[in-house]
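Asker: from the sequence below, what's the structure:
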Amino acid sequence: MIASACGILGVCSVTHATTVTIGVPNNNDQIELKKLSLAFEKANPDIQLKWVVLEENVLRQRLTTDITTNGGQFDVLAIGTYEAPLWGKRGWLVPVKDLPADYDLNDLFKTVRDGLSNDGKLYALPFNAESSMTFYRKDLFAAKGLTMPDHPTYEQIQGFAEKLTDKGNGVYGICLRGKAGWGENMAYVGTLVNTFGGRWFDEQWHAQLTSPEWKRAIGFYVNLLQKYGAPGASSNGFNENLSLMTSGKCAIWVDATSAAGILYNKKESSVADKVGFAAAPVQDTVKGSHWLWSWALAIPKTSRSQDAAKRFIAWATSKEYIKLVGADIGWASLPPGTRLSTYQLPEYKAAAPFSEFVRNAIETADPDHPTAKPVPYTGVQFVGIPEFQSFGTVVGQSISGAVAGQMTVDQALQSGQAITDRAVRQAGYLK
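Answerer: Numbers count the residues shown, from 1 in each chain. Down below sits the predicted model:
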């Protein structure tokens, strides 16, 4: 792209704009970022943004391939609390430092900042952050004389789902992620297993997928979705369930707190005035029942436009950008969970009744102690080792197959056990 810069005397010089290629998932917050980025380009005519917007699983595969092969196709990567510390440790990312004074790094939530760091170095700036929670239809509950507790158990959730399922009218008792992927169904399943008392590995790195806790948790999950879930539940991820919920087809949905801003926005949700919220359900233990995640923007070492990329990610995660979102699509839909100042905005407080609840969920999620029994890893809804991306995805495929009725729960877990055990043996984790 060629940009023209003109002085006060009207003498213009022609310069070549720097191209910044950005890879992001196709979720609402990132699509809004692409839309509002025209303001950034207008203020920075020497930078041209090139967007690659992909389905979440496809994006992760594409970015991982590019970073591990030094492909150099991207200047900005949308990654999260799983990749940032691991990729930073391997020297694949540029540490984030020397930000403008008005960026106010200390305004970022400490838990989120820590999750994107390794050895004291920050490797990505948080675009949004989330935990998990329970959404439900207050009107459907009232019609049946039901009351959602502030801290429901999974047994209660199952009872509610049974009573509220009305397939004849296209209303399903429960919506949960069934789409295979380490960051899709396994993000949710990880918290479910945690609260049923399970864990991925014992302290010597022996896989635990055939344990009684995993069998109870996955058996419960498969039964719940097969009886009271939406058709094709094994293919539904975050975006698909969000669409079902905003169109009034889910009585209960357990998923990311980041969905709240969309569900409560009358421009985007047909049930905005009918949605209630509660904590993520628990069963045997509260440990690991709600996750911690941040979609964040990082710069790979292979980028040839690092200075321009840093200017963009600083703008996209700034206080200024957050206010642009409020003015554009509504204050309930601000990127949540990143900045303390967001939670002090009167417009956000008025539009987002869930804001303090979400903040508390994010700040109380504990990636360092995610399970009732001790474990050798960190991460609530993932295992913080490089190999997880591979075996987590394959286990997710087996469990999705069980939801679809293609195999039994025992078969899915036996397959997952073998794959997971082999991965850590080959990597040398076993003690």
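Asker: how about the helices in the stretch 101-250 of the chain?
Answerer: With DSSP state H, counting those that start in this stretch as the definition, the stretch 101-250 of the chain shows helices at residue ranges 110-115, 138-143, 154-164, 185-195, 212-228, 238-246.
Asker: out of the ones you listed, which is the most enclosed?
Answerer: Among those, the stretch with the highest mean neighbour count (mean count of other Cβ atoms under 10 Å) is helix 185-195, at a mean of 26. In this view, the C-beta of every residue, glycine as well, is placed from N, C-alpha and C.
Asker: just want the angle from it to helix 154-164.
Answerer: 120 degrees (axes from the mean of the first three to the mean of the last three Cα atoms, to 10 degrees).
Asker: mind saving the C-alpha coords of helix 185-195 as PDB?
Answerer: What follows is helix 185-195, C-alpha atoms only, in PDB (Å, rounded to 0.1, in the frame of the first residue of the first chain):
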ATOM      1  CA  ASN A 185     -15.300 -29.100  24.100                       C
ATOM      2  CA  MET A 186     -12.300 -29.900  26.200                       C
ATOM      3  CA  ALA A 187     -12.200 -26.400  27.800                       C
ATOM      4  CA  TYR A 188     -15.600 -27.100  29.200                       C
ATOM      5  CA  VAL A 189     -15.000 -30.900  29.900                       C
ATOM      6  CA  GLY A 190     -11.800 -30.000  31.800                       C
ATOM      7  CA  THR A 191     -13.800 -28.000  34.400                       C
ATOM      8  CA  LEU A 192     -16.400 -30.700  34.600                       C
ATOM      9  CA  VAL A 193     -13.800 -33.400  35.300                       C
ATOM     10  CA  ASN A 194     -12.200 -31.100  37.900                       C
ATOM     11  CA  THR A 195     -15.400 -30.600  39.800                       C
END
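Asker: can you put the helices of the stretch 101-250 of the chain in JSON lines and add distance to residue 357?
Answerer: Formatted as JSON lines, the helices of the stretch 101-250 of the chain follow (distance: least, Cβ to Cβ, whole Å):
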{"stretch": "helix 110-115", "distance to residue 357": "16"}
{"stretch": "helix 138-143", "distance to residue 357": "15"}
{"stretch": "helix 154-164", "distance to residue 357": "18"}
{"stretch": "helix 185-195", "distance to residue 357": "17"}
{"stretch": "helix 212-228", "distance to residue 357": "24"}
{"stretch": "helix 238-246", "distance to residue 357": "17"}
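Asker: need those in a markdown table (columns: mean pLDDT and distance to residue 405).
Answerer: Listed next are these as a markdown table, based on pLDDT from 0 to 100; distance: least, Cβ to Cβ, whole Å:
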| stretch | mean pLDDT | distance to residue 405 |
| --- | --- | --- |
| helix 110-115 | 94 | 37 |
| helix 138-143 | 98 | 27 |
| helix 154-164 | 98 | 19 |
| helix 185-195 | 98 | 15 |
| helix 212-228 | 98 | 7 |
| helix 238-246 | 97 | 19 |
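Asker: looking at the ones you listed, which is closest to residue 361?
Answerer: helix 110-115 (10.7 Å; Cβ to Cβ).
Asker: ok, and what's touching the closest one?
Answerer: 81, 84-85, 105, 122, 126, 129, 292, 294, 337-338, 362-363, 365, 367 (Cβ atoms under 8 Å, 6 or more residues apart in numbering).
Asker: output it as PDB, restricted to C-alpha atoms.
Answerer: In PDB, the C-alpha atoms belonging to helix 110-115 read as follows (Å, rounded to 0.1, in the frame of the first residue of the first chain):
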ATOM      1  CA  LYS A 110      -2.800  -9.200  37.700                       C
ATOM      2  CA  THR A 111      -4.200 -12.800  37.300                       C
ATOM      3  CA  VAL A 112      -4.500 -12.200  33.500                       C
ATOM      4  CA  ARG A 113      -1.100 -10.500  33.200                       C
ATOM      5  CA  ASP A 114       0.500 -13.400  35.100                       C
ATOM      6  CA  GLY A 115      -1.200 -15.900  32.800                       C
END
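Asker: isn't residue 424 right next to residue 201, touching?
Answerer: Yes: if you go by Cβ atoms under 8 Å, residue 424 and residue 201 touch, sitting 7.1 Å apart.
Asker: what do the two both touch?
Answerer: Listed as contacting both residue 424 and residue 201 by Cβ under 8 Å, 6+ apart are residue 207.
Asker: in helices, which of the contacts of helix 110-115 appear?
Answerer: Those of these mapping onto helices are 84, 85, 362, 363, per DSSP state H.
Asker: and which of those residues is nearest residue 315?
Answerer: residue 84 (19.1 Å).
Asker: how is this protein divided into domains?
Answerer: Using automatic domain parsing, the domain parsing of the chain gives 2-130+293-352, 132-290+368-427.
Asker: the residue nearest the centre of the chain and residue 114, how far apart?
Answerer: Nearest to the mean C-alpha position of the chain, counting by Cα atoms, centre = their mean, stands residue 293 at 5.2 Å. As judged by Cβ to Cβ, to the nearest Å, residue 293 and residue 114 stand 13 Å apart.
Asker: quick one: closest of the helices of the stretch 101-250 of the chain to residue 387.
Answerer: helix 185-195 (13.7 Å).
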